[in-house]
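> what's the 3D shape of this:
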Amino acid sequence: MRLLDVSAVLDRERDTQPTGLKISVLEQLDDKTAKYAILSHRWGKEVDYDELAGLVKMFMDEQDRDEVRQRDGYQKIIKSCEQAEKDGYRWLWIDTCCINKDSSAELSEAINSMYQWYRNSQICYVYLNDVDKLVFPTEQDFSRFGRSNGWPEWFSRGWTLQELIAPTEIKFFNKNWVPIGTKQDLISTLEEITGIPEEVLNDEQVLRSTRLLRPSVAQIMSWAADRKTSRVEDRAYSLMGLFGVNMPMLYGEGSKAFQRLQLEIIRVSSDHSIFAWNPKGQLGEHGSVLADDPSCFRGCHSIETVYPYNFVHILGGYMRRDLLGRVLDSASLVWLRQRVRSLQLRHSLQLCRWDVTNLGIQAVLPCHDRDGDLITIDLESRGHSSYRWSCPARIDILNTSPEFRSLYFAYTQDAVKSYHHLRLHDRRASWHGFTRCGTFPREITDNTVTLSSQGNTLIILVYANNDARSRFAVGLGYYLGSVWARVVCDQYPANQGVWTSCADFAKQAYDILWNAPIEKFYFLSHTDHVMDTHLPQSVWDARIVCGSSYQGYADVMIAIEQCPGCCFGPRQPTTSANALWLPWAQGRADVGHELELDERSACFRECSGESTALGDYGDLSDGNFKHCGNIFEDIQKHSGIESTDLVYHPVVSRVSSCRRVSHSRRAQTQHDILVTVPIKHFVNKQGNAEPTLKPLVLYRPKGLSLPNSEEFELLLKALSTRLAGKCLVTTVVQCSESYRVDDEGMQMDAGGDSALDGGVRSDQGTITSLCIIARPLAWRKEPACAERRKQFKNIRNLGNIFMPWRICIIFLRLGRLRNLRETSRRRMEQSASQPCLVWNA
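As a prediction, this is how the structure comes out:
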């Protein structure tokens, strides 16, 4: 290292250097053998290596020399030398003038060795340029240090962290170079300011001690969470010494420097707390399992590592047990303990528990917080790699036994933030008097909620019926690539004299759902889901229906339904084998055609050979529609309702070609002609995907749909007893003519393919060529509810117990009646045989 010769610097400053002698101010010495002091300070207008060399060798003119001498940085050099001379040290190191920053090799060497240089120094002088009092500040003072959290600015800089920990002896000076304390005297105050434990401040060797005493990686990172540096890369470079790692300097790489630092730490350490950043889940999804910068470790100061054997013992407490408290899968627990012993013998402490679910992977790390709870992180599986999702979670009873598994983690952050949009349909809630009265944490417009992959992953909607004093909140989120939802009910609103505001209730629901486990309340992206939650002290269920996701969009319906009598909830989401008829009814078919219905993509089936009309219902169990009747005919025949009423009239929709149709083919079609896009494809021998069906050309197409209104919904409910489980033709496409075309867009000939085989021509000369078949929610069969069955079974058993007693009571009463009748009959016979006395008036 290059050190300042204290005597030479001061002799030149005092102009007492002997003439004719060439004395060097800077000397190369070994830090392990030299006795030197070192300076730690907050940079200002400094004097660099070249300027100091020019000043010493008289390369500058008098005006430039005077300008350099007047700088605060030059005065720090002189005052530091004076203090070192006073303390009996010949050599002094200052980072501003002892490093030739024009040499990248020397700069890299200095940064990689800086922690060692501070550790090997005999004393470190800390210059606090913003402290003007004669005592060290022991309490936060925002009026004096408002820009640095109420403490001197030196404590907010990144490089000064290692400069505080590494030296054994430190002296603090105020702006006038008056000593105001030492490290040993101020150790309690320093711990309060920095969060660094006293044992680390007393002896930096604790950082390289055994695992019982050594702070976790997450703890060390938390000390730097709120510190700043002038260069982004220095946030990583300033921490290398604390972790005992080295890496080359690449200024210009930005935040990648901190990723490289974490990779170096992982290479030499088995401390899994490096993955425990963002413990409160406030940063949303991250594409990388590594943190972006030290601020992600804010709040990790209490995280401690757990020894592998203790980790297995703690995991055993979460495993399922029988009534006697014995672990059900004891063989797995024994195997895991043996596996840990073998790992320890091989000095390999890489241990973690990974719980693989449909959502991704929940990792339980061998580290815990101040309450003793194990730390968990959530990972999303994408291909062969796993990406980090930051969401707070608590470990629950394990459904599967712990096991060892190799995983590949992605450590690069996605460059582009992705978004998922939820379209809300809550008109059905208003049919029962519920209106949306609040949202949190932000307002929504146009009934669309936008959730990003990095933050903004949860929103709360509040619905209330003021007349019935009933209120609930719906939480919608985007978790590990899937939409999830959950309902929070206002438990006892009837007992409250005055309701809390909807905004306050939304915030309460947000806090509840932010920390709640959500594994049971997510919706898969490829199908429709229905979830019901009973509203307490009411006869209603809050129903959430989520449609399948398409191109970053998903539809969510919030409705109110009559309670089926379960009186508990929420229930887990259930799926439907057939597409549900919903406000966004897009249809679902394995083989069909894609069109746009009112500028929204929809999937249509080809109509069968028999007549297909709007309102037909039937079975769709095997994928083929079996016609059973028509609802318009039924209501006119059985209920006497006129199907010509305007509320039952079909809704006319505009039909257009799908956006996936090539621009050239779109240009060839006229306004009243469109081309369909086949849905299902197969792979030919050459490995290319070919459509199972050929495209259709439709002339003058028109879409007709069933009305999605409250009156029509009541009609469907009236028919639900007889038609439960049936499917309904909800939309048809009529046209004047249709035919298939080949890949070049030419009309196909021969074999009856010149026109659509299944098309049905009406009396008006139109063909019903395509249709959407779905199951109305009112006709949906509720899945068997295990909890409800259990309740009914208990009631039945209770009834069976009391039934014999009821029978006995009935027989006793019948016996009494028989005895009374016999007694009265005998008395009448006795009275008839006795003489009667007649009184004459």
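> low pLDDT regions in the stretch 651-800 of the chain?
For the stretch 651-800 of the chain, the stretches with pLDDT under 70 are 659-671, 680-691, 743, 745, 749-765, 782-792, 795-796, 798-800.
> at 80 instead, please
Residue ranges of the stretch 651-800 of the chain with pLDDT under 80: 658-672, 674, 679-693, 742-766, 780-800.
> cool, the stretch 451-600 of the chain as well?
Using pLDDT under 80, the stretch 451-600 of the chain drops low at 452-457, 478-483, 491-500, 514-529, 537, 547-553, 562-591, 599.
> Which stretches in it count as strands?
Along the stretch 451-600 of the chain, counting by DSSP state E, counting those that start in this stretch, strands occupy 458-465, 470-479, 482-489, 522-523, 529-534, 540-546, 553-562, 574-575, 580-581, 593-597, 600-606.
> Mind checking those strands for the one nearest to Ser720?
When the strands of the stretch 451-600 of the chain are ranked by proximity to Ser720, the top entry is strand 553-562, at 11.3 Å, counting by Cβ to Cβ. Heads up, the C-betas are built off the backbone N, CA and C, glycines and all.
> contacting residues around that closest one?
420-426, 428-429, 431-432, 434, 461, 463, 474, 476, 483, 485, 523, 525, 532, 539-548, 582-584, 777 (Cβ atoms under 8 Å, 6 or more residues apart in numbering).
> Check for me that Arg442 belongs to a strand.
No. Assessed with DSSP: H, G, I helix; E, B strand; the rest coil, Arg442 is coil; it does not lie in a strand.
> which strand residues sit across from the nearest residue to it once chain neighbours are set aside in the sheet?
Among residues not flanking Arg442 along the chain, Ile459 sits closest, at 7.0 Å (Cβ to Cβ, 6 or more residues apart in numbering). Counting by DSSP bridges, Ile459 is bridged to Leu476.
> Quick check: the gap between Ile459 and Thr448.
11 Å (Cβ to Cβ, to the nearest Å).
> Next: Glu13.
70 Å.
> Name the residue in the two with the higher neighbour count.
Set side by side, Glu13 and Thr448 show more neighbours around Glu13, with 16 against 11, by other Cβ atoms under 10 Å.
> The more buried one contacts Ile78, doesn't it?
Yes. Under the criterion of Cβ atoms under 8 Å, Glu13 is in contact with Ile78, at a separation of 5.7 Å.
> Can you pull out the low-pLDDT segments for the stretch 101-250 of the chain?
209-213.
> Repeat the analysis, applying 90 as the threshold.
101-105, 142-143, 146-149, 205-214, 249 (pLDDT under 90).
> What about the residue lying closest to Lys35 once chain neighbours are set aside, how many residues nearby?
Excluding its sequence neighbours, the residue lying closest to Lys35 (Cβ to Cβ, 6+ apart) is Gln122, at 5.6 Å. By other Cβ under 10 Å, the residues close to Gln122 number 17.
> where's Gln122 relative to Asp742, distance?
89 Å.
> on that earlier part again, any chance of a markdown table for the strands of the stretch 451-600 of the chain, columns mean neighbour count?
Rendered in a markdown table, the data for those read as follows (neighbours: other Cβ atoms under 10 Å):
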| stretch | mean neighbour count |
| --- | --- |
| strand 458-465 | 24 |
| strand 470-479 | 24 |
| strand 482-489 | 23 |
| strand 522-523 | 24 |
| strand 529-534 | 23 |
| strand 540-546 | 23 |
| strand 553-562 | 21 |
| strand 574-575 | 13 |
| strand 580-581 | 24 |
| strand 593-597 | 23 |
| strand 600-606 | 21 |
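> Serialize those strands to a markdown table and add fields for distance to Arg90.
A markdown table is the format used below for these (distance: least, Cβ to Cβ, whole Å):
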| stretch | distance to Arg90 |
| --- | --- |
| strand 458-465 | 63 |
| strand 470-479 | 63 |
| strand 482-489 | 68 |
| strand 522-523 | 69 |
| strand 529-534 | 77 |
| strand 540-546 | 75 |
| strand 553-562 | 73 |
| strand 574-575 | 80 |
| strand 580-581 | 86 |
| strand 593-597 | 84 |
| strand 600-606 | 81 |
